[in-house]
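Participant: need coordinates for the following:
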Amino acid sequence: MKLALSIAVRVIVLALLVALLVSPQSFAGAFGALTKPGQEAIYTQNDLLSLTLNHLLIVAIATVGSTIVAVGLAILVTRPAGAEFLPLSRSIANIGQTFPPVAVLAIAVPPLGFGTAPTLVALFLYGLLPIFENALTGLTTLPPDVIEASRGVGMTGTQRLLQVELPLALPVILAGIRLSVVVSVATATIGSTVAAHTLGEVIIAGLLNDNTAWVLQGGLVVAVLAVLIYDALSAVERLLTARTVGRRG
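Facilitator: Prediction:
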């Protein structure tokens, strides 16, 4: 009963989000109470749906890049030949956490210019650490008996990695990706400070024009996206965990 109610709530929230993005003027009455005389209730300087899709695309590209690099580093340092590179790899993964995204943007703008590129760099660096640490944990906590069994049947190192280690570690790796994505969805809003087309544009325009309705629109869309993506990836993670437990059993 609780599960059905939870799913129903999320479906309703998703439907409302889609309605807001596709037909924002339908919500003008709801947001109008937050505006001052003469102010527009709905942000119309750019299409809200296009901004949302571009926002998600930037997050997706940055996350794919972070995943490839972070998982690659985790694989490298969990092999005997690459174990000595663990401190260096951890330092690389920590770069994004050492420098706040705003600082990365400030450094990236001179060589890359304004627009999407600096935002991608900031999100890429910021997403490395959670994915790397989870991938490292997943690959170093595998059941020894399973690894020994794979060796016993004559699997090569590459076969063990692709057919045994990565599939078993996938739920833990996905947990890191989930955290990275959710953080990036929120952090990507700052990309609008360097002319990237993200939902931050709506929030910034609202702040500059003292329009609470615009600030709320941008903030609500970002928050709802983060929650829905978190829930969706959590569901996938639970499914993979159940399959992994079944394999181990």
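Participant: could you find the closest non-adjacent residue to Leu240?
Facilitator: Pro171 (4.4 Å; C-beta to C-beta, 6 or more residues apart in numbering). (Glycine included, C-beta is placed from N, CA and C.)
Participant: and if you look at Gln163?
Facilitator: Closest to Gln163 by C-beta to C-beta, 6+ apart is Met155, at 7.0 Å.
Participant: tell me the pLDDT at the one you found?
Facilitator: In this model, Met155 is scored at 83, pLDDT.
Participant: that one is in contact with Val164, isn't it?
Facilitator: Yes - between Met155 and Val164 there is a contact under C-beta atoms under 8 Å: 7.2 Å.
Participant: look at the two and report which has more neighbours.
Facilitator: Legend: neighbour count by other C-beta atoms under 10 Å for Met155 and Val164, higher for Val164 (19 against 16).
Participant: residues contacting the more buried one?
Facilitator: 142, 146-147, 150, 155 (C-beta atoms under 8 Å, 6 or more residues apart in numbering).
Participant: for Ile173, same thing?
Facilitator: 71, 131, 134-135, 138, 166.
Participant: among the residues you listed, which one sits closest to Thr198?
Facilitator: Ile131 (21.3 Å; C-beta to C-beta).
Participant: for Asn94, give me phi and psi.
Facilitator: For Asn94, the backbone dihedrals are phi -80, psi -10 (criterion: degrees, to the nearest 10).
Participant: what pLDDT does it get?
Facilitator: Note on Asn94: pLDDT of 89.
Participant: quick check: mean pLDDT of the helix or strand hosting Pro118?
Facilitator: Pro118 is part of helix 116-140 when elements are defined by DSSP states H and E. Averaged across helix 116-140, pLDDT comes to 94.
Participant: can we start the residue count at 785 from this point?
Facilitator: Renumbered: residue one is now 785, and that last one reads helix 900-924.
Participant: and it, which residues are buried?
Facilitator: Within helix 900-924, the residues that count as buried by 16 or more other C-beta atoms under 10 Å are 900-920, 922-923.
Participant: what's the following helix or strand after that helix?
Facilitator: As assigned by DSSP H and E, the chain's next helix or strand after helix 900-924 is helix 928-936.
Participant: list the buried residues of the following helix or strand past that next one.
Facilitator: Under the assignment DSSP H and E, the closest C-terminal helix or strand after helix 928-936 is helix 941-944. For helix 941-944, burial by neighbour count (16+ other C-beta under 10 Å) applies to Arg944.
Participant: and helix 941-944, what other elements does it pack with?
Facilitator: Where contact means 3 or more C-beta pairs under 8 Å, 6 or more residues apart in numbering; DSSP states H and E, helix 941-944 is packed against helix 928-936.
Participant: mind listing what's buried along the helix it packs on?
Facilitator: So, applying 16+ other C-beta under 10 Å, buried residues of helix 928-936: Ser934.
Participant: residues contacting the residue positioned nearest the centre of the chain?
Facilitator: Centroid check for the chain by C-alpha atoms, centre = their mean gives Val965 as the closest residue, at 0.9 Å. Counting by C-beta under 8 Å, 6+ apart, Val965 touches 843, 847, 911, 1013-1014, 1017.
Participant: low-confidence stretches in the protein?
Facilitator: Along the chain, segments meeting pLDDT under 70 span 787, 1028-1033.
Participant: longest helix anywhere in it?
Facilitator: Taking DSSP state H as the criterion, the chain has its longest helix at helix 996-1032.
Participant: weed out the non-buried ones from the contacts of Val965.
Facilitator: Judged by 16+ other C-beta under 10 Å, buried ones among those: 843, 847, 911, 1013, 1017.
Participant: any idea which element the spatially closest residue to the last one that is not a sequence neighbour lies in?
Facilitator: Okay, so that is Leu1017. Spatial nearest neighbour of Leu1017, excluding adjacent residues (C-beta to C-beta, 6+ apart): Arg962 at 4.0 Å. Assigned by DSSP H and E, Arg962 belongs to helix 950-971.
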